[in-house]
Each structure stands twice: as structure tokens, then as C-alpha cells.
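Student: Please find the sequence and the predicted model below.
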Amino acid sequence: MYMKLPKFLLADNSEFPDDIYVIHTEYPRFILNVDEEEVEWLDDLEGDNEETVADEATKAVEEAYKWCDKEIDSYGDDDEDDDDDEDDDLEEDNDEEDKDEKKL
């Protein structure tokens with residue numbers, strides 16, 4: 001039995017701290033260096049019709065870029081939510097301090 005993998009995975013590596021990678025797990029499998037715009041193919045791109053194979057590969061890479069942009073944007077949304085939570089916590093702390101001061 002095989003493990004079910006998502007179509008795309010986001011990766012980084014401490015040896016290349018400025019680079020972000022997208023790994024495409026379906027045919028044609030590849031690793032895309034998003035920042036350098038380089039592709040390392042993990043499958044041989046062979047087929048009866050070279051043009052069809054090239055079109056599929058191009059579409060897969062374009063889809064990887066779009067997925068990556070969407071994925072990274074979702075991290076930004078999470079950060080904004082965290083910031084809102086922190087602001088709420090600060091407001092609650094300030095309200096409690098105000099109540100304590102009024103008691104004195």
C-alpha cells in the first residue's frame with residue numbers, strides 16, 4: 001500500500017535558506033525552485049508526441065507557481081489572524097488593569 005500524497009508540497013532547506021521549492025508528486029514529477037525559476041525533472045519526459053508532453057510539463061509548472069503563490073498567501077493570512085489575537089489579548093490585559101486601578 002502506498003502513502004497518499006498531495007499533488008504539491010512546499011519545501012525549504014537550511015543549506016539554501018533563500019530558496020523555496022515546490023515538489024510536484026504526480027507525473028511529470030519535478031522539483032521547482034521558485035526563486036531561481038529552475039526545474040529538476042524526476043521523471044523522463046517521454047511520449048509518442050513530444051509536443052503533448054511539453055504542453056503537459058508547461059501546464060504542471062504553471063500550476064505549481066499558482067499553487068505556491070496561493071499557499072504563501074495563506075501563510076500571510078494566518079499571520080494577520082495571529083496579530084489580531086495578540087491585539088485582543090493586549091486589550092483584555094489593559095481592561096483588567098483599568099479595573100484594578102479603579103478599585104484602588
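Tutor: Received the coordinates, thanks.

Student: Pull out the buried residues from the biggest strand by length in the chain.
Tutor: When the chain is parsed with DSSP state E, its longest strand is strand 16-24. By 16 or more other CB atoms under 10 Å, the buried positions in strand 16-24 come out as Ile20, Tyr21, Val22, Ile23, His24. No exception for glycine: its C-beta is placed from N, CA and C like everyone else's.

Student: Return the distance of the helix or strand just after that strand from the chain's centre.
Tutor: Helices and strands here follow DSSP states H and E; after strand 16-24, the next one along the chain is strand 30-33. Taking CA atoms, centre = their mean, to the nearest Å, one finds strand 30-33 lying 13 Å from the centre of the chain it belongs to.

Student: Let me see the mean pLDDT of strand 30-33.
Tutor: Mean pLDDT, strand 30-33: 98.

Student: Check which helix or strand the residue nearest in space to the middle of the chain maps to.
Tutor: Among the residues of the chain, the one closest to the centroid is Glu71, at 3.8 Å (CA atoms, centre = their mean). For Glu71, the element it lies in under DSSP H and E is helix 50-103.

Student: where in this structure is pLDDT low?
Tutor: 48, 78-104 (pLDDT under 70).

Student: follow-up on the earlier one: dump the buried residues of strand 16-24 to JSON lines, plus distance to Glu50.
Tutor: Formatted as JSON lines, these follow (distance: CB to CB, whole Å):
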{"residue": "Ile20", "distance to Glu50": "30"}
{"residue": "Tyr21", "distance to Glu50": "27"}
{"residue": "Val22", "distance to Glu50": "24"}
{"residue": "Ile23", "distance to Glu50": "25"}
{"residue": "His24", "distance to Glu50": "20"}
